[in-house]
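Engineer: next one to model:
(one chain, ligands or ions: 1)
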Amino acid sequence: MKAAVLKAFGTPLAVETVPDPALGTGEVIVDVAAIRVLGYAHEVFSGQRRYLMDLPMIPGPGGIGRVRATGPDATHLAVGDWVSCDPTVRSRDDLVSPDIILQGLTAGSEAALRLQKYFHDGSFAEQVRVPTENVTRIGTIDAAAAPLWCALGTLLVPYGGFLAANLRAGETALVNGATGTFGSAAVAVAVAMGASCVIATGRNERALKDLARRFGDRVRTVKILGDEEIDRRHIVEAAPAPIDCVLDLLPPMATALQVRAALMTVRPYGRVVLMGGVGMAGGVGLELDYAWLMRNCVTIIGKWMYPPDATPRMVSLIRSGLVKLDDFEVTAFSLDDANKAVAHAAANAGPFKMTVIRPSDP
Ligand SMILES: NC(=O)c1ccc[n+]([C@@H]2O[C@H](COP(=O)([O-])OP(=O)(O)OC[C@H]3O[C@@H](n4cnc5c(N)ncnc54)[C@H](OP(=O)(O)O)[C@@H]3O)[C@@H](O)[C@H]2O)c1
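Structural biologist: Numbers count the residues shown, from 1 in each chain. Just a heads-up that it's a prediction; the model follows:
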């Protein structure tokens, strides 16, 4: 099959012919119709993000495609089914504390590198081999819609955060970093989950205005100025009710102060979910007042990705019209143009924008 291979950090992807993946037990082979390219893929491939990748590797986390072959443990999947591949692969031999890899992107720890040795390659390829439990049927779709369905990969991240915080209909949610790729998806997800109000923060006024236009009265935007006290006051003033749940999705370049400004707006007994990259590029840590946390019974949750059942639930939200894929604007590239796709994704990251590679036309 044809694939784009990352041979060493800092080198372009090499598009070449590689052996087809071989089916073992407990796996599915999927013909990849579309795979999203992350806006920060160039930082991963350059080595800047210091992601744990056993190179050479075919990168590409997740994707949309059709089942080509199933292993003996599949009881529902059939050849030809349209599916979403979840890159969140968990080790199966410790259910309490599994190691996690994002297939085709990174191992979560040194220990998880062993898992990455087996589920080694991602979806910048005509075929990908995925653990059976990571393959979810999305129902019949038009092949032309496969790139749009890649939005699942963006929507599922904040959905995982809100599920972890048990966001309930009628609650007030705050999305910190709402003008980014995942943050804007978080606003869409919170609205779909029934939040009565979503406070969306960011520095980019144009992107904030666009969020208000898309989602109407249930979204209130707050322009972040960079002064912790003032930003916190503006957030609280914008909220029509105490803030039940804060979801942070700021990138590594942002500071812990930006996180704390939003985090400390949560009401007593509220929940805070940390999903961003703050601290990964260094800088001061997130200092929190012990007594404030304790007296206010605040729950802080760190969350990487989402639980396995999030995908079928998100498919239902999309099928019901509560989450609209049409919100996303897609630019598609062929596998031969994988490097152009990576450059395009970097230059065009942002709310409701997706760059996608289309490796095959199954
Ligand atoms: N936990 C998980 O499962 C998970 C999964 C996927 C991604 N992530 C993480 O989520 C984070 C966000 O990713 P993304 O792709 O949404 O990023 P992104 O598109 O770059 O958005 C981040 C937003 O943060 C804001 N920001 C605030 N301070 C900034 C600063 N100093 N420099 C740059 N931007 C700043 C920017 O909006 P304004 O300019 O308007 O402020 C920007 O739009 C990343 O760290 C990524 O690793 C986590």
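
Engineer: for residue 169, give me its contacts.
Structural biologist: 193-196 (C-beta atoms under 8 Å, 6 or more residues apart in numbering). Where you see a C-beta, it was placed from the backbone N, CA and C, and this is true even at glycine.

Engineer: out of these, the closest to the ligand would be?
Structural biologist: Closest approach to the ligand among these (C-beta to the nearest ligand atom): residue 193, at 17.1 Å.

Engineer: hang on, isn't that closest one packed against residue 166?
Structural biologist: No - counting by C-beta atoms under 8 Å, residue 193 stays clear of residue 166, with 10.4 Å between them.

Engineer: nearest to residue 340 among the contacts of residue 169?
Structural biologist: Of all the contacts of residue 169, residue 340 sits closest to residue 193, with 36.1 Å by C-beta to C-beta.

Engineer: residues in contact with the closest one?
Structural biologist: 159, 162, 167, 169.

Engineer: again, but for residue 42
Structural biologist: When contacts are counted by C-beta under 8 Å, 6+ apart, residue 42 touches 342-343, 345-346.

Engineer: try it again at 10 Å.
Structural biologist: Going by C-beta atoms under 10 Å, 6 or more residues apart in numbering, residue 42 touches 48-49, 339, 342-343, 345-347.

Engineer: check these for burial and list the buried ones.
Structural biologist: 49, 339, 342-343, 345-346 (16 or more other C-beta atoms under 10 Å).

Engineer: JSON lines for those, including distance to the ligand, secondary structure and pLDDT?
Structural biologist: Listed next are the buried ones among the contacts of residue 42 as JSON lines, based on distance: C-beta to the nearest ligand atom, whole Å; DSSP: H, G, I helix; E, B strand; the rest coil; pLDDT from 0 to 100:
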{"residue": "49", "distance to the ligand": "8", "secondary structure": "coil", "pLDDT": "90"}
{"residue": "339", "distance to the ligand": "20", "secondary structure": "helix", "pLDDT": "98"}
{"residue": "342", "distance to the ligand": "14", "secondary structure": "helix", "pLDDT": "98"}
{"residue": "343", "distance to the ligand": "16", "secondary structure": "helix", "pLDDT": "98"}
{"residue": "345", "distance to the ligand": "10", "secondary structure": "helix", "pLDDT": "98"}
{"residue": "346", "distance to the ligand": "10", "secondary structure": "helix", "pLDDT": "97"}
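
Engineer: any idea how this structure splits into domains?
Structural biologist: 2-154+306-358, 157-302 (automatic domain parsing).

Engineer: what number of residues lie near the closest residue to the ligand within the stretch 151-300 of the chain?
Structural biologist: Residue nearest to the ligand within the stretch 151-300 of the chain (C-beta to the nearest ligand atom): residue 180, separated by 2.0 Å. Residues lying near residue 180 (other C-beta atoms under 10 Å) number 23.

Engineer: show me what contacts it?
Structural biologist: Residue 180 touches 39, 186, 202, 204, 207, 249-251, 254, 276, 349-351, counting by C-beta under 10 Å, 6+ apart.

Engineer: of all the residues in stretch 243-252, which ones are buried?
Structural biologist: 243-252.

Engineer: run the chain-centre distance for that stretch.
Structural biologist: Its chain's C-alpha centre and that of stretch 243-252 lie 14 Å apart, by C-alpha atoms, centre = their mean, to the nearest Å.

Engineer: list the pairing partners of the longest strand along the chain within its sheet, with orientation.
Structural biologist: In the chain, taking DSSP state E as the definition, the longest strand is strand 27-37. Next to strand 27-37 in the sheet, as set by DSSP bridges, lie strand 63-70 (antiparallel), strand 127-131 (antiparallel), strand 353-358 (antiparallel).

Engineer: for those strands, which one ends up most surrounded?
Structural biologist: Mean neighbours per residue, mean count of other C-beta atoms under 10 Å, is largest over those for strand 127-131, with a mean of 25.

Engineer: after it comes which helix or strand?
Structural biologist: strand 135-137 (DSSP states H and E).

Engineer: for the ligand, what are the nearby residues on the stretch 151-300 of the chain?
Structural biologist: 157, 177, 179-183, 202-204, 207, 224, 249-254, 258, 275-277 (C-beta under 6 Å from any ligand atom).

Engineer: now, of those residues, which are buried?
Structural biologist: By neighbour count, with 16+ other C-beta under 10 Å, these hold 157, 177, 179-183, 202, 204, 207, 224, 249-252, 254, 258, 275-277 as buried.
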